[in-house]
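Q: When you get a sec, could you give me coordinates for this:
(2 chains)
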Amino acid sequence: MLGFFTSSPVQTALAVSAGAAIVSAVIGVFTIIRGQSFAGHALADISSAGGAAAYLVGVSPMLGFLGVAVIGAGALEVLGVKRAAERDLVTGIVLGAGLGLTALLLYFDVTARSTTGAAVSVMFGSMFAIPPAIVVPALLIGAGAVGATGLIYRPLLLCAAAPELAAVAGVSPRLIGFLHLLILALAVTLSAMTVGAILSTALLIGPAAAALRLTRQAGAAIALAAGIGLVSAWGGIALAYESYGWTPGRTWPVSFFIVTIVFAFYLLSGLRARAA
Amino acid sequence: MLTAPALAVNNLSVSLGGREVLRDISFALAPGEFCGLIGANGSGKTTLLRTILGFEAPSAGTISGQGRGFAGYVPQKFSPDPDMPLRARDFVELGLTGSKLGLPLPNKARKAAVEAMLAAVDATGYADQRIGSLSGGQLQRVLIAHALIRRPKLLFLDEPLASLDLRAIAEVVDLLRRLAREQKIAILISAHDMNPLLGVMDQIVYLAHGRAATGATSDVVRTEVLSRLYGYHIDVIRVHGRILVVAAGEHDHGRPHVEAIP
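A: Just a heads-up that it's a prediction; the model follows:
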């Protein structure tokens, strides 16, 4: 186990995944209470096109994820409609278009540049292959996202609970909604780097959903969600590291362990919530 | 009116989707005045309130008054999700701080203001429950506290009595009367049934077909006035201290057809 903490890929994975888990859990609470889980999932999936494009042109995948996630947030805002059913429709259509683009770019990645691992990396993450140079910018993005959430914490809560009352108090629910999407794009960038674009939803929604079942207060829910996210991420990395001995010569995918631990937390929170 | 009005609506008309919903509405509210906005469903009550609040744009007329732009609002439809992580006390506090930036740091004066507001609407007993778990009457009180904690001079309530039982109606009306008197808050409250408000209204704005008759209840709720407003014969009947507004229609299968208008 000593090798675990001295291994450089593990250290990088621990740092970046901590940022991803905490940021996702914090903004995830607002994503759930705003009823925008599907938009969060769509944004993550769309960002895969950026990751795939980054492999093709040879820049950091993080730049790709970030760029496309922010553009996706803008698209959802521009196309944004008030009615919930229509919003899901628009989200689904944008999501479909984004994934179609990903399919094309990944095809070029594999055929033109013979980067065979790109598809798996983009979609399902490659935690132990994160370049150490990413750590500082990733943590800066994370700090920015958490800071921005803290800054608009109370307008976010009021807009989630009662948008009309927020408007009466002088808050623009539309502006707050757009800022929420932008912060969501930052969270998605980090989680796409760690567990992959497709599995980002698990880090975004899972810990927050479990936490919301266990507490009555927003602040407590956010702290609890961050804790659950962090334990899931680090626990997943430790188990993946251990798995090297289970099937000799191969480590199981970290993403599998992280997502499974998140799922277990969610199931357990259901038992606890029912008992309470 | 000697003092500056808290709210003045002059010759207001509103069209929604090309249809004129309100036409030539005028009335004024003095500070501390209790005004009932009465009319059947679809008569334009919610549109009038939403226009005064700035959610809809008038097609003609003006809205002014010292209380405008700093008004409290209790919306008709508010059913928070059971999972919304806000206790009643958190929601009341957001009435004071919901537009502020930064994290909510503990503040003794603010905490005391929230406690006092919860006590003023008799909501202390369920202050720690999630807003999504409250009953209709409890939620109304919490919404009123959320609206009033900023100390507005105007309070708009959209059908706050509609989903309440008789006892809760009496309690909420009594609470509103107390607030209007003690804190000089002008109140504009919409309702499809005027009867629970008869004892407290200083003024009535009676809406029918997008037009309004305004004034003291005894001057407005009369057979001639409402018949003119509706455009057909209306009977105003007073029984046991209640007012029934009925339209006597055609005889239907030999029986008199009486339609009660709220």
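Q: List the residue ranges of the stretch 151-262 of chain B that fall below the pLDDT cut-off.
A: For the stretch 151-262 of chain B, the stretches flagged by pLDDT under 70 are B:248-262.
Q: ranges for the helices of it?
A: For the stretch 151-262 of chain B, the helices defined by DSSP state H, counting those that start in this stretch cover B:166-183, B:217-220, B:223-230.
Q: any chance of the ones you listed in TSV, plus mean neighbour count and distance to residue A:230?
A: For the C-beta atoms, the positions are set from N, CA and C on the backbone; glycine is no exception. Converted to TSV, the helices of the stretch 151-262 of chain B look like this (neighbours: other Cβ atoms under 10 Å in any protein chain shown; distance: least, Cβ to Cβ, whole Å):
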stretch	mean neighbour count	distance to residue A:230
helix B:166-183	16	45
helix B:217-220	15	63
helix B:223-230	15	65
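Q: mind checking which of those helices is nearest chain A?
A: Chain A lies closest to helix B:166-183 among the helices of the stretch 151-262 of chain B, at 17.6 Å (Cβ to the nearest Cβ).
Q: Which elements pack onto the closest one?
A: On a contact count with 3 or more Cβ pairs under 8 Å, 6 or more residues apart in numbering or on different chains; DSSP states H and E, helix B:166-183 meets strand B:34-38, helix B:136-148, strand B:154-158, strand B:186-191.
Q: Kindly recompute the last result at 10 Å.
A: The contact analysis (3 or more Cβ pairs under 10 Å, 6 or more residues apart in numbering or on different chains; DSSP states H and E) places helix B:166-183 against strand B:34-38, helix B:108-120, helix B:136-148, strand B:154-158, strand B:186-191.
Q: So which of the ones you listed is nearest chain A?
A: Checking these against chain A by Cβ to the nearest Cβ gives helix B:136-148 as the closest, at 6.8 Å.
Q: The residue of the stretch 151-276 of chain A found nearest chain B: neighbouring residues, count only.
A: Nearest residue of the stretch 151-276 of chain A to chain B: residue A:158, at 3.6 Å (Cβ to the nearest Cβ). Counted with other Cβ atoms under 10 Å in any protein chain shown, residues neighbouring residue A:158 total 26.
Q: just residue A:145 next, same as before
A: Neighbours of residue A:145 under the rule other Cβ under 10 Å: 25.
Q: residue contacts, it?
A: Each residue near residue A:145 by Cβ atoms under 10 Å, 6 or more residues apart in numbering or on different chains is listed here: A:19, A:22-24, A:26-27, A:182-190.
Q: For the helices and strands packed on helix B:166-183, please prepare TSV with the additional fields mean neighbour count and distance to residue A:220.
A: Shown next, in TSV, are the helices and strands packed on helix B:166-183 (neighbours: other Cβ under 10 Å; distance: least, Cβ to Cβ, whole Å):
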stretch	mean neighbour count	distance to residue A:220
strand B:34-38	25	40
helix B:108-120	15	17
helix B:136-148	24	20
strand B:154-158	24	32
strand B:186-191	25	36
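Q: and residue B:46, which of these is closest to it?
A: Evaluated over these, closeness to residue B:46 peaks at strand B:154-158, with 5.7 Å, by Cβ to Cβ.
Q: Grab the nearest non-local neighbour of residue A:224.
A: residue A:211 (3.9 Å; Cβ to Cβ, 6 or more residues apart in numbering or on different chains).
Q: For the one you found, which three-state class applies?
A: Assigned with DSSP: H, G, I helix; E, B strand; the rest coil, residue A:211 falls in the helix class.
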